[in-house]
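Colleague: Here is my input; please provide its structure:
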Amino acid sequence: MSTGTGRTLSAVAVLTLLVTGCTSSEPQTISQGVVSMTLKATGAIPSGAPSPAAGIAADMGSGPSAVTIVVAGVSARTTDGTWIPLAGTYPQTIDLLALVHGGGGVSLPADGLPEGSYDALQVTISSATITLQDGTIIAITPPGNGWQVLIPVAFEVVAGQETKITLDLKCDASFHLANGQFRFDPDIEVDQVQSGRH
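Modeller: Numbers count the residues shown, from 1 in each chain. Have a look, this model is predicted:
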């Protein structure tokens, strides 16, 4: 009887190990595609003389010598409402005036995203500064933790493929000079979405 009991216990132990092995939680590979973005800048940036009351008496003359923003990060929203940050070498400093004059764009850090459907991007800009012709720097105070720019855009991420998104920051609609004060309300639109096997 003791021998039979020992065999039964051994069989149960082996069965338990087999079941445990089948149900063990192993890391599951999530299929990903690559999302890369390019930021362009178009439109004229307002010129004029800021208010001396703000401590700035310089004249911008023919316009500023640099208009710089700092992109702190980018996130993508799935169609079920989940926000996924795109990791990369952020923050990234961008001279919008150089982009306007050069007619090109600057690449934002590319990253992998889980395969699926997305319906929006959110770009966080942490600072914006205007450098005048005489070297005076005007810092525009951001709201809270920065400007959160929601950009509606439908795109698919497919495993093994690259999705390219070109964004256009409209400078003429983003920068305002009123009552001697500069204001920045970033207006970013989608210029193009391309998908292709990479």
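
Colleague: Have a look at the protein and report the helix or strand with the lowest mean pLDDT.
Modeller: Here the helix or strand of the chain ranked lowest by mean pLDDT, DSSP states H and E is helix 2-23, holding a mean of 43.

Colleague: so is residue 98 in a helix, a strand, or just coil?
Modeller: At residue 98, secondary structure determined by DSSP: H, G, I helix; E, B strand; the rest coil is helix.

Colleague: Okay, and the beta partners of the spatially closest residue to it that is not a sequence neighbour?
Modeller: Nearest residue to residue 98, sequence neighbours excluded (C-beta to C-beta, 6 or more residues apart in numbering): residue 66, at 7.5 Å. The C-beta positions use only the backbone N, C-alpha and C, and glycine is treated the same way. Beta bridges link residue 66 to residue 131, judged by DSSP bridges.

Colleague: try residue 175
Modeller: Residue 175 forms beta bridges with residue 184, as assigned by DSSP bridges.

Colleague: does it really touch residue 64, like I thought?
Modeller: No: in this structure residue 175 lies outside contact range of residue 64 using C-beta atoms under 8 Å: 9.4 Å.

Colleague: joint contacts of these two?
Modeller: Jointly contacting residue 175 and residue 64 under the rule C-beta atoms under 8 Å, 6 or more residues apart in numbering are 45, 130.

Colleague: okay, now residue 141: neighbour count?
Modeller: By the criterion of other C-beta atoms under 10 Å, residue 141 has 9 neighbours.

Colleague: The chain should start at 49 in everything you say after this.
Modeller: In the new numbering, first residue 49, that becomes residue 189.

Colleague: which residues touch the most centrally placed residue in the chain?
Modeller: Closest to where the C-alpha atoms of the chain average out (C-alpha atoms, centre = their mean) is residue 122, at 1.7 Å. Applying C-beta under 8 Å, 6+ apart, we find residue 122 in contact with 85, 133-134, 136, 138, 156, 169-172.
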